[in-house]
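Participant: 3D model of this:
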Amino acid sequence: MPADHDDELHDELLRRVVAELRRPVRLDPALDARALRALREDQRRRRPVRRRLWLAGAALAAGVLVAVLLRLPSTEGTRPAPAAVAAGGLETRHVEIRLSAPASSVAVVGDFNDWDPAATPLQPTAEGGVWSVDLQLKPGRYHYAFLIDGRRWEGDPSEPRATKSDFGAPVSVLTVS
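Facilitator: From the prediction side, this is the model:
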């Protein structure tokens, strides 16, 4: 029974409830003024606290920055080791990744570049049909695959396959020591 039409309501009690619910509610205009005044006063009281918290946070951040800068070792007159030192203090290793495939473009995607197809494109070599890229990787195990012509996924035939692939594409495992 639709409640939009009073003539369709047959029960007297239901009719009175609907009429009461449809009646506009009238509020005291002074109540609105008191509520707005209370909100404004509360906001004025809180402003100095917010400002002090912001200043304290900025001072703390500046202190941490100064402490970090003072603890950094000086690099003047030093030369980097043959293998570049990466974040975390582990030396990186030179790794060449190659693939022999007839293609117009090849990219390698994996754990080392967040599986970003645009991050590590391979370059064609003079050998014709052979693609190559040089990487600097920290020691560890990496899962990776090749993306050929932007649509075909292939594992590396020169490295072992991963036992499981999250997305069903062939994935290889590279161990850098």
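Participant: next helix or strand past the lowest-mean-pLDDT helix or strand in the chain?
Facilitator: The weakest-scoring helix or strand in the chain, judged by mean pLDDT, DSSP states H and E, is helix 29-71 (a mean of 76). Next along the chain after helix 29-71, taking DSSP states H and E as the criterion, comes strand 93-100.
Participant: need the CA coordinates for the helix or strand just after that next one. PDB is fine.
Facilitator: Note on strand 93-100: by DSSP H and E, the next helix or strand toward the C-terminus is strand 106-110. The C-alpha trace of strand 106-110 is given here as PDB (Å, rounded to 0.1, in the frame of the first residue of the first chain):
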ATOM      1  CA  VAL A 106      61.300  -6.200 -25.700                       C
ATOM      2  CA  ALA A 107      61.200  -5.200 -22.100                       C
ATOM      3  CA  VAL A 108      62.100  -7.000 -18.900                       C
ATOM      4  CA  VAL A 109      59.700  -6.700 -16.000                       C
ATOM      5  CA  GLY A 110      60.200  -8.100 -12.500                       C
END
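Participant: can you list contacts of the helix or strand following strand 106-110?
Facilitator: With elements assigned by DSSP H and E, the helix or strand that comes after strand 106-110 is strand 123-124. For strand 123-124, the surrounding residues in contact (CB atoms under 8 Å, 6 or more residues apart in numbering) are 130, 131, 132, 133. The way it works is simple: take the backbone N, C-alpha and C, and place the C-beta from them, glycine included.
Participant: now those in JSON lines, please, with extra columns for neighbour count, distance to residue 148 and secondary structure.
Facilitator: Below are these laid out as JSON lines (neighbours: other CB atoms under 10 Å; distance: CB to CB, whole Å; DSSP: H, G, I helix; E, B strand; the rest coil):
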{"residue": "130", "neighbour count": "15", "distance to residue 148": "13", "secondary structure": "strand"}
{"residue": "131", "neighbour count": "22", "distance to residue 148": "9", "secondary structure": "strand"}
{"residue": "132", "neighbour count": "15", "distance to residue 148": "14", "secondary structure": "strand"}
{"residue": "133", "neighbour count": "16", "distance to residue 148": "14", "secondary structure": "strand"}
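Participant: closest one to residue 110 out of these, please.
Facilitator: Closest approach to residue 110 among the contacts of strand 123-124 (CB to CB): residue 133, at 11.5 Å.
Participant: the closest residue to that closest one other than its chain neighbours: neighbouring residues, count only.
Facilitator: Leaving aside its sequence neighbours, residue 133 sits nearest to residue 122 (CB to CB, 6 or more residues apart in numbering; 4.6 Å). Counted with other CB atoms under 10 Å, the neighbours of residue 122 add up to 21.
Participant: now do residue 173
Facilitator: 17.
Participant: domain assignment for the chain?
Facilitator: Using automatic domain parsing, the domain parsing of the chain gives 12-70, 93-176.
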